[in-house]
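sequence below, structure please.
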Amino acid sequence: MERTFLLIKPDGVTRGLVGDILSRFEKAELRIVGMKLLVPTADLIRKHYPSSDEWLGTAGNKTLRDYEKNRIDPKKELGTNDPIKIGKMIKEWLITYLTSGPVVAMVLEGNHAIENVRRLVGPTLPILAGPGTIRGDYSCESPDLSNKERRPVKNLVHASGDASEAKNEIALWFKKHELL
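All right, here's what the predicted structure looks like:
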């Protein structure tokens, strides 16, 4: 048994998908042990996403690979081809987006909760997510469109990637007394 963090992002909340998304986890025998609706502050989102060169570089390199695949010139579109600078842009887009409206933060508990939640939500890019996953069933967003519009990919949810990330995110978003 383990716990993991899940965030239904503003696109999932404003589209009225909270109930549908929650039911997927409950049907998969994951228990909700903490949940709240809030509009996060910029400070909270800054703490949620790392500022390390490693994280920024990874985010920037994903964009650069996508641009290369779609034959888009990053210097022309973004003013740079430096992955860390692009990663910083992406982080700022995430802060703006995630503070733009309500989100639902929750802690789910169950057998291999982290792995099962990630399986249910599907790949980060909805355009790559298969039918039967939350992102595959409810979104067809692509990074080329989001980058052109200077915003993150609207992929409905964030799910912790591993045990360390889950532990940190749960502690960031919830006080111990808020979890059952």
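
which residue is the nearest non-sequential neighbour of D73?
With Cβ to Cβ, 6 or more residues apart in numbering as the criterion, D73 has its nearest non-adjacent residue at 7.4 Å, and that residue is Y67. Yep, even glycine has a C-beta here, placed from its N, CA and C like the rest.

you'd agree the one you found is in a helix?
Yes. The assignment for Y67, made by DSSP: H, G, I helix; E, B strand; the rest coil, places it in a helix.

please tell me I have it right and it contacts N147.
Yes. Using Cβ atoms under 8 Å as the test, Y67 is close enough to N147 to be in contact (7.4 Å).

next helix or strand past the lowest-mean-pLDDT helix or strand in the chain?
When each helix and strand of the chain is scored by mean pLDDT, DSSP states H and E, helix 143-148 comes last, with a mean of 83. Under the assignment DSSP states H and E, the closest C-terminal helix or strand after helix 143-148 is strand 157-159.

strand partners of that next one, parallel vs antiparallel please.
For strand 157-159, sheet partners with direction are given as strand 2-8 (antiparallel), following DSSP bridges.

what pLDDT, on average, does the partner strand get?
Looking at strand 2-8 alone, the average pLDDT works out to 98.

same question, stretch 121-136
94.

what's the answer for stretch 27-41, then?
For stretch 27-41, the mean per-residue pLDDT is 98.

repeat for stretch 150-165
On average, the pLDDT along stretch 150-165 is 95.

distance check, I90 against I127.
I90 sits 17 Å away from I127 when distances are taken as Cβ to Cβ, to the nearest Å.

these two: which has the busier surroundings?
A side-by-side neighbour count of I90 and I127, using other Cβ atoms under 10 Å, places I90 first with 25 against 16.

wait, what's in contact with that one?
L56, A59, G60, T63, P152 (Cβ atoms under 8 Å, 6 or more residues apart in numbering).

the second one contacts K91, doesn't it?
It refers to A59. Yes. Contact criterion Cβ under 8 Å: A59 and K91 qualify, at 7.1 Å.
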